[in-house]
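Novice: Model the following, please.
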Amino acid sequence: MSGFSDHLLGARSSRPRKYRVRPVALILAPIVALIFQLYIPVFVQQFAFLELPLLVTIYFALMRRDPAAGVLIGCSIGLVQDALSQNPLGMFGMVKTLVGYFAAFLSQRLDVENAVMRFGLSFFLFFFHQFFYWVLVRTLLAQNMPLEFGTVLLFGLLNGAVAVPLFALLDRL
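Specialist: Numbering: from 1, shown residues only. You can find the predicted model right below:
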């Protein structure tokens, strides 16, 4: 392979490096993200596109590099988000559990310290999150919820753009 593809695919030692996350950051960051998700769009409508709990889920799952930890992180953040929203309990829990698993799984195979890779993964996982949520609403709740691909792609790009500096900020914690 070329040097560029080796760098993107994370050509390194046999065991990927796991980051140690302080327990305070692991608890405080999702709480701040959930509060942001709950209150900020009420006052500033322009931030309604931002799915901050999802980005925090992706970050911690990517950095832990352990699918079991990704599942637990996604499930916890999703269930708390469900409890604070008008949604039936478990909808965001199921979706964020899958996102946490896939983020952690992909982090074992890719170099997630690269900003371009972080943007791409955030975009892809946002799209996956929205699509799977749409599927659950249509199948489990039997509600007709439209899926507007243009809006989802635009919001995915915006969330990916927010994810890169957010992940850099969370790296410093």
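
Novice: Every contact and neighbour count from this point should use C-alpha atoms.
Specialist: Fine.

Novice: List the contacts of residue 95.
Specialist: 78, 129, 132, 133 (CA atoms under 8 Å, 6 or more residues apart in numbering).

Novice: residues in contact with the third one?
Specialist: By that I understand residue 132. Going by CA under 8 Å, 6+ apart, residue 132 touches residue 95.

Novice: same check, this time on residue 26
Specialist: residue 60.

Novice: what's the residue closest to the geometric middle of the chain?
Specialist: residue 58 (3.1 Å; CA atoms, centre = their mean).

Novice: picking that back up, and the furthest pair within the contacts of residue 95?
Specialist: Within the contacts of residue 95, two members stand farthest from each other by CA to CA: 78 and 132, at 13.4 Å.

Novice: where are the low-confidence patches of the protein?
Specialist: Within the chain, the stretches with pLDDT under 70 are 1-19.

Novice: Would you state the strands of it in chain order?
Specialist: Remark: strands of the chain are absent; assignment by DSSP state E.

Novice: returning to that earlier point: may I ask you to confirm that the residue nearest to the centre of the chain is in contact with residue 120?
Specialist: No - at 11.8 Å, residue 58 does not count as touching residue 120 under the criterion of CA atoms under 8 Å.

Novice: Now for the two: what residues contact both?
Specialist: Residues touching both residue 58 and residue 120 by CA under 8 Å, 6+ apart: none at all.

Novice: Okay, buried residues for the lengthiest helix in the chain please.
Specialist: Identified as the longest helix of the chain according to DSSP state H is helix 115-140. Judged by neighbour count (16 or more other CA atoms under 10 Å), helix 115-140 contains these buried residues: 115, 117-123, 125-137.
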